[in-house]
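Chemist: Need a 3D model of the sequence below.
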Amino acid sequence: MKLLLLCLGLTLVCAHHGENHDVVTSNFDMSKISGEWYTILLASGVKEKVEEQGSMRMFVESIQALDNSSLLLKYHKKINGECAELIFVGDETEEEGVYSLSYDGYNEFHVVEADYNDYVIFYFLNYHNEEITQGMELYARKPDVSPQIKKRFEELCKNHGIPEENVQDLTNADPCSQD
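Modeler: The predicted model follows:
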């Protein structure tokens, strides 16, 4: 009987440790997303948009939740061989948790999943010249994340119809970090 109780107790402890209670998939607290971030993975239905020289290939510096429910997003990217800072304000749309901004057309984006202390995954739609391109972004608090988080990102991309070959790993690709 003692052995049975010990096995049951160990099973419960293992099951408890196996769950990730910090991952949030809805009702996001955008103030907890505020802070510095690193771009880890980018993906797009149009691979060229996230490849070198692609319009969506940029590197996040920070995200700040503003008092009016908007987000201040700071990025940098190489433009004509020079590092440039890009600052956007994403305004919350009528749909709660969905933000919009103008860059390379009109964009709508929302958080898909987050662990506020580790990573955040965004999904976006870009409307440009009557074309709609979907994409995803994985940002992290540190310069890299675990292989499990990268795998999770790839699964989410696949669920949205973005093929694995369209995922770009940018952990070592920031052209402005050495400047």
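Chemist: Can you name the residues that contact Gly97?
Modeler: Phe28, His110, Val111 (Cβ atoms under 8 Å, 6 or more residues apart in numbering). All C-beta atoms are positioned from the backbone trio N, CA, C, and that covers glycine.
Chemist: Sitting in strands, which of the residues you listed do you find?
Modeler: His110, Val111 (DSSP state E).
Chemist: Next, format the contacts of Gly97 as JSON lines and append neighbour count.
Modeler: JSON lines is the format used below for the contacts of Gly97 (neighbours: other Cβ atoms under 10 Å):
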{"residue": "Phe28", "neighbour count": "18"}
{"residue": "His110", "neighbour count": "17"}
{"residue": "Val111", "neighbour count": "18"}
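Chemist: Dump the contacts of Gly97 to CSV, plus pLDDT.
Modeler: CSV is the format used below for these (pLDDT from 0 to 100):
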residue, pLDDT
Phe28, 96
His110, 98
Val111, 98
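Chemist: Could I get the contacts of Gly97 in CSV, plus columns for distance to Lys47?
Modeler: Below are these laid out as CSV (distance: Cβ to Cβ, whole Å):
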residue, distance to Lys47
Phe28, 28
His110, 22
Val111, 23
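Chemist: Excluding covalently adjacent residues, which one is nearest to Tyr127?
Modeler: Nearest non-adjacent residue to Tyr127, counting by Cβ to Cβ, 6 or more residues apart in numbering: Tyr106, 4.5 Å away.
Chemist: so what's that neighbour up against?
Modeler: Tyr106 neighbours (Cβ under 8 Å, 6+ apart): Ser100, Asn126, Tyr127, His128.
Chemist: neighbours around the first one, how many?
Modeler: Spelled out, it's Ser100. 19 (other Cβ atoms under 10 Å).
Chemist: Among the contacts of Tyr106, which are located in strands?
Modeler: The strands, defined by DSSP E, take in Ser100, Asn126, Tyr127, His128 from these.
Chemist: Mark which of those residues are buried, thanks.
Modeler: Among those, those classed as buried by 16 or more other Cβ atoms under 10 Å are Ser100, Asn126.
Chemist: Return the member of the ones in strands among the contacts of Tyr106 nearest to Glu155.
Modeler: Checking the ones in strands among the contacts of Tyr106 against Glu155 by Cβ to Cβ gives Asn126 as the nearest, at 21.9 Å.
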